[in-house]
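# Mind looking at a prediction? Sequence and model below.
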Amino acid sequence: MKPALIIGSTCVDVIIHLDHLPVTTENLHPTSQSMAIGGCAYNVAYIIRLLNAPHTFISPVGGGMYGDYVASCLTAAGIPITVRVPDQENGCCYCLVEASGERTFLSYHGVEYSFDEAWMKPWESHSFGLTYVCGLEIEEPTGIHLISWLEKHSELTVCYAPGPRGCRIPREKTDRLMALSPILHINEQESMELTGASDYMEAAARLHDRTHNAVIITLGENGAYCLEKDTPPYHVAVTPNPHVVDTIGAGDSHAGTLLACLTKGLPLKQSIAYANQVASAVTGVSGASLPPHLLPPFPGRLQP
């Protein structure tokens, strides 16, 4: 298939480990804190790059302390900075990680979540196949411009991850995105919040009725559920990681692996199975970036 096109944010994850989330007036002592490069689109692109799948990553990098940090990390990793906006601040994400490994995000948005059609001029849309976008960018005021750009380039197959704030995106934006017949990548809680369904299977059916394309719902330690066109729905199991550190980036890594596999020509069900393995491995490390030596063996004859 053609290379994937990843559009979205790169920010700084400020990871704070603590026993539990604080309540009003409580004084807690975090056990540790660290900084790492992150952002949904970056996490997706990172895994695609790790699997050597062809892709282009369009991510605006701002200025300020966090923008300089992002720029230095991308340069050190040999990742091209396709858009630099030094006169606008880059944001960050405070990742509060409880003892259980579950995470809560406080996202301070900067230019990294914005979109300008002018940034796409150097890139020929017909050169790409699958295109990833996230609800966090769509929710922003400039998200309407991203939707308009996608509408103008219907030759692209959109992979849309509504994310935890998908249900807060204005209806007009969601309706226009769904009309593009995207592949949906969403977790169990998000799917029910977005549709008002009582369970993820009902949510998948409602979403599929709107998109007429594959709906992939991640279920954590229970694997994933998929409903695709003209095929009975199915579950894809996973072996849970017995040593969970945190769940930061697990969903993004699942989406990125899925895109990499599809770009390499693997069937959807096999792609989901491998994405489950990668996401499980990500929960065993701190932060979203899986070290290359921990990448599970790639399935079939295709090599990463």
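Structure received. Residues are numbered from 1 along each chain as shown.

# Just after the helix or strand encompassing residue 192, pick out the following helix or strand.
Per DSSP states H and E, residue 192 falls inside helix 188-195. Following helix 188-195 in sequence order, the next helix or strand is helix 200-211 (DSSP H and E).

# what's the offset of the helix holding residue 192 from the middle of its chain?
In terms of CA atoms, centre = their mean, to the nearest Å, the centre of helix 188-195 is set 16 Å apart from its chain centre.

# Hey, what's the angle from that helix to helix 200-211? Just curious.
50 degrees (axes from the mean of the first three to the mean of the last three CA atoms, to 10 degrees).

# Which residues does helix 188-195 contact?
When contacts are defined by CB atoms under 8 Å, 6 or more residues apart in numbering, helix 188-195 is touched by residues 162-164, 166-167, 186, 197-200, 202-204, 206-207, 215, 217-220. Every C-beta, even on glycine, is put in place using the N, C-alpha and C of the backbone.

# Counting neighbours, which of the residues you listed end up buried?
Buried by 16 or more other CB atoms under 10 Å: 162-164, 166-167, 186, 197, 200, 203-204, 206-207, 215, 217-220, out of those.

# Look at the spatially most central residue of the chain and give its secondary structure.
What sits nearest the mean C-alpha location of the chain, by CA atoms, centre = their mean, is residue 252, with 3.4 Å. Secondary structure, DSSP: H, G, I helix; E, B strand; the rest coil: residue 252 is helix.

# can I have stretch 63-71 written out in CSV, keeping just the CAs?
Taking C-alpha atoms only, stretch 63-71 is exported to CSV below (Å, rounded to 0.1, in the frame of the first residue of the first chain):
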residue,chain,number,x,y,z
GLY,A,63,8.5,27.5,20.7
GLY,A,64,9.2,28.0,24.3
MET,A,65,10.7,25.5,26.8
TYR,A,66,8.5,22.6,25.6
GLY,A,67,8.9,23.4,21.9
ASP,A,68,12.7,23.5,22.2
TYR,A,69,12.5,20.1,24.0
VAL,A,70,10.4,18.6,21.3
ALA,A,71,12.6,19.9,18.5
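
# please renumber so the chain begins at 13
Will do, 13 is the new start, and the previous item becomes stretch 75-83.

# next one: it to chain centre, how far?
Taking CA atoms, centre = their mean, one finds the center of stretch 75-83 at 21 Å from the center of the full chain.

# ok, residue 135 - contacts?
Residue 135 neighbours (CB under 8 Å, 6+ apart): 17, 68, 70.

# What is the neighbour count of the last one?
A count of nearby residues for residue 70, using other CB atoms under 10 Å, gives 18.

# phi, psi of it?
Backbone torsions of residue 70, given as degrees, to the nearest 10, read phi -100, psi 110.

# That one pairs with what?
residue 19 (DSSP bridges).

# quick one: it and residue 22 touch, right?
No. Contact criterion CB atoms under 8 Å: residue 70 and residue 22 do not qualify, at 10.3 Å.

# where does the protein have low pLDDT?
312-316 (pLDDT under 70).

# and with 80 instead?
By pLDDT under 80, the weakly predicted segments of the chain are 13, 311-316.

# So which residues of the chain form helices?
Taking DSSP state H, the helices of the chain run over residues 52-62, 76-89, 147-151, 155-164, 183-190, 200-207, 212-223, 262-275, 280-294.

# Relative to residue 237, which of these is closest?
Closest approach to residue 237 among the helices of the chain is made by helix 212-223 (6.0 Å; CB to CB).

# and the closest residue to residue 108 other than its chain neighbours, how many neighbours does it have?
The shortest distance from residue 108 to any non-neighbouring residue, by CB to CB, 6 or more residues apart in numbering, is to residue 116 (4.5 Å). When neighbours are defined as other CB under 10 Å, residue 116 has 11 of them.

# cool, the one 3 residues further on as well?
One way to gauge burial is a neighbour count; for residue 119, by other CB under 10 Å, it gives 18.

# Okay then, goodbye and thanks.
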